[in-house]
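Undergrad: I would like the atomic coordinates for the input below:
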Amino acid sequence: MRVASSGRLVREVGEFALIDQITRLVGSVASSRLRIGIGDDAAAWRPRPGHDVVITTDVLIERVHFRLDWTDWGSLGHKALAVNLSDLAAMGARPRLAFVDLGLRGSERDQEVLDLYRSARKLGQRFGLVIAGGDTTRAPNGVVIAVTVVGDVPKDGRPLLTRSAARPGDLIGVTGPLGLAAAGLRVLERGLKTLDGSPAMQEAYHRPQPRVREGLLLRRCGVRAAMDLSDGLLGDLPKICERSGVSAIVDLFRLPIPNAIKWGFSDWRDLALRGGDDYELLFTAPPHVFERVCRAFRRAGLRPPFRIGQIVEAGTEGPQVKLRNVLGKLEVVEPGGYTHFKV
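TA: Got it, this is the predicted structure:
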């Protein structure tokens with residue numbers, strides 16, 4: 001029996017409204033060393049002048065974020081670390097250390113747990129990251145994985161990427177295709193494994209690729225505004241607009257949505273733009289900086305980013321996201337992507 005308490009049900013409040021309440025509560029205590037707090041992809045702490053430490057954390061819970069009958073333990077370890085690396089990539093930071101907290105029923109096999117750590121270690125080694133510790137405990141209701149990643153920033157005088165630095169006139173870019181992971185989840189839910197493109201969709205869902213190199217290049221090229229796409233384009237772009245006090249126009253014909261998604265799902269637009277779990281980087285930059293980014297990506301052997309729209313002044317109605325079709329017609333869209341605690 002629960003102890004009686006006041007307040008509204010969390011599922012009625014909603015995930016982002018709850019985060020706003022928490023921010024107002026804990027964000028009221030200022031610290032000169034906390035450079036970036038709640039509201040971006042990661043926090044930034046300055047222990048001494050000229051040295052920024054970037055910290056992020058994320059939790060994966062069985063039957064909320066994954067199902068063990070759909071995924072193997074190696075893929076689970078990869079994804080648990082990848083979603084945190086993506087947060088650091090969105091800030092333009094270098095990952096250094098990871099701490100893994102693991103809750104287990106006790107009925108798992110030791111080799112399954114080791115497979116999880118092997119896969120996480122392999123991914124971390126690609127970026128010079130070391131798994132430095134963590135905790136294990138009993139979790140009778142299902143597997144829980146909580147990962148914290150610590151990174152730092154090259155001493156080049158350039159600021160971290162944030163959600164509040166978009167400006168009118170900026171172009172909007174993304175580092176890769178949209179909707180593959182959401183389509184992969186749909187494939188698993190509906191048993192559509194013979195669908196064209198199904199293997200790539202499932203791979204994107206199980207093993208997202210964090211854009212760490214891309215994030216470092218964005219910051220080095222002079223980009224100021226970015227975040228990772230975890231809640232879908234129409235869930236995350238409004239966050240940049242709100243934090244920056246601007247609006248955005250997205251060109252539908254420019255969106256990098258694979259044809260397999262358009263052919264395979266009648267609701268392909270919502271699936272690709274609101275489904276989430278893309279873990280590509282979304283950024284804005286002035287046109288000359290955007291061109292610099294494209295050249296830098298090519299020199300590094302990376303696919304250049306896709307230009308998908310532009311940032312404009314927010315009107316009297318406040319920050320908005322509008323979709324523009326090939327004929328130039330604008331459609332105001334309701335912001336929203338993946339969210340926990342849906343009623």
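Undergrad: Show me which positions of the lowest-mean-pLDDT helix or strand in the chain end up buried.
TA: Ranked by mean pLDDT, DSSP states H and E, the weakest helix or strand in the chain is helix 15-26, scoring a mean of 82. By neighbour count on 16 or more other C-beta atoms under 10 Å, the buried set for helix 15-26 is residue 16. Using the backbone N, CA and C atoms, a C-beta is placed for each residue, glycine as well.
Undergrad: quick one: contacts for the residue nearest to residue 287 when sequence neighbours are not counted?
TA: Using C-beta to C-beta, 6 or more residues apart in numbering and skipping residues adjacent in sequence, the residue nearest residue 287 is residue 171, 5.8 Å away. Contacts for residue 171 (C-beta atoms under 8 Å, 6 or more residues apart in numbering) come out as 284-287, 290, 307, 309-311.
Undergrad: please redo it, this time with the cut-off set to 10 Å
TA: Residue 171 makes contact with 283-291, 293, 305, 307-311, according to C-beta atoms under 10 Å, 6 or more residues apart in numbering.
Undergrad: Filter the residues you listed down to the ones in strands?
TA: 283-285, 307-311 (DSSP state E).
Undergrad: what's the distance between residue 106 and residue 140?
TA: 8 Å (C-beta to C-beta, to the nearest Å).
Undergrad: Then residue 214?
TA: Distance from residue 214 to residue 140, by C-beta to C-beta: 40 Å.
Undergrad: Neighbour count for the two, which is higher?
TA: Neighbours were tallied for residue 214 and for residue 140 using other C-beta atoms under 10 Å; the higher tally belongs to residue 214 (26 against 9).
Undergrad: Show me what the helix or strand hosting residue 199 is packed against.
TA: Element membership for residue 199 (DSSP states H and E) is helix 198-206. The contact analysis (3 or more C-beta pairs under 10 Å, 6 or more residues apart in numbering; DSSP states H and E) places helix 198-206 against helix 73-91, helix 180-190, helix 259-264.
Undergrad: Just the CA coordinates for that helix, please, in PDB.
TA: The C-alpha trace of helix 198-206 is given here as PDB (Å, rounded to 0.1, in the frame of the first residue of the first chain):
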ATOM      1  CA  SER A 198      13.600  -4.500 -42.800                       C
ATOM      2  CA  PRO A 199      17.200  -5.500 -42.000                       C
ATOM      3  CA  ALA A 200      18.400  -1.900 -42.200                       C
ATOM      4  CA  MET A 201      15.400  -0.700 -40.100                       C
ATOM      5  CA  GLN A 202      16.000  -3.300 -37.400                       C
ATOM      6  CA  GLU A 203      19.800  -2.500 -37.300                       C
ATOM      7  CA  ALA A 204      19.000   1.200 -36.900                       C
ATOM      8  CA  TYR A 205      16.700   0.400 -34.000                       C
ATOM      9  CA  HIS A 206      19.000  -2.000 -32.200                       C
END
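Undergrad: and the gap between the closest residue to residue 200 other than its chain neighbours and residue 186?
TA: Nearest residue to residue 200 in three dimensions, chain neighbours excluded: residue 180, at 6.3 Å (C-beta to C-beta, 6+ apart). Distance, residue 180 to residue 186, using C-beta to C-beta: 11 Å.
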